[in-house]
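>>> Structure here, sequence nowhere to be found:
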């Protein structure tokens with residue numbers, strides 16, 4: 001159960017700090033941490049939800065890069081890319097145009113998902129993926 005208070009955004013910022021710390025050591029983020037960040041960001045709404053959806057985008061683009069055997073210039077990281085998730089959260093208004101156009105501008109994100117955690121991760125990502133809304137039924 002998540003209780004929202006005035007510290008909820010600072011708690012989300014701390015989770016992003018932990019994610020940045022893991023990335024700084026060139027370690028993959030574990031599935032449970034990744035899904036917890038997504039679920040918490042989704043439940044907070046507004047900017048944390050947007051950042052959580054950008055995490056999903058960064059993971060999928062990182063999977064695309066790692067899935068290719070041939071490395072070319074297009075798969076290399078942009079030197080002007082945002083370097084940390086916490087920085088993106090704190091300076092989102094300044095950086096939103098930069099990151100919304102090109103997924104390669106997002107900070108690096110490598111996620112390791114064990115077979116036990118696949119369902120949790122997919123459920124957390126599904127809540128943030130955009131799907132077409134079903135039209136409301138009109139009463140006759």
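Everything's here; your move. This one's a predicted model, so the numbers in the text were calculated from it and none came from an experiment.
>>> where do the helices sit along the protein?
The residue ranges that make up the helices of the chain, judged by DSSP state H, are 8-24, 31-44, 46-67, 85-90, 92-101, 118-126.
>>> In TSV: these, plus mean pLDDT, distance to residue 110 and mean neighbour count.
C-beta here means a position set from N, CA and C on the backbone, and glycine is covered the same way. Putting the helices of the chain into TSV (pLDDT from 0 to 100; distance: least, C-beta to C-beta, whole Å; neighbours: other C-beta atoms under 10 Å) gives the following:
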stretch	mean pLDDT	distance to residue 110	mean neighbour count
helix 8-24	92	7	16
helix 31-44	91	10	20
helix 46-67	79	6	18
helix 85-90	91	13	20
helix 92-101	82	18	13
helix 118-126	88	13	16
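>>> And those helices: which comes nearest residue 107?
helix 85-90 (5.3 Å; C-beta to C-beta).
>>> what comes into contact with the closest one?
Residues outside helix 85-90 that contact it (C-beta atoms under 8 Å, 6 or more residues apart in numbering) are 12-13, 16-17, 19-20, 23, 47-48, 51, 54-55, 82, 95, 99, 106-107, 109.
>>> chain center to that helix: distance?
Its chain's C-alpha centre and that of helix 85-90 lie 11 Å apart, by C-alpha atoms, centre = their mean, to the nearest Å.
>>> residues in contact with stretch 46-66?
Counting by C-beta under 8 Å, 6+ apart, stretch 46-66 makes contact with 9, 12, 16, 34, 37-38, 40-42, 75, 85, 88-89, 92, 99, 103-104, 106-111, 125, 128-130, all of which sit outside it.
>>> how much space between residue 107 and residue 10?
When C-beta to C-beta, to the nearest Å is applied, the distance between residue 107 and residue 10 equals 20 Å.
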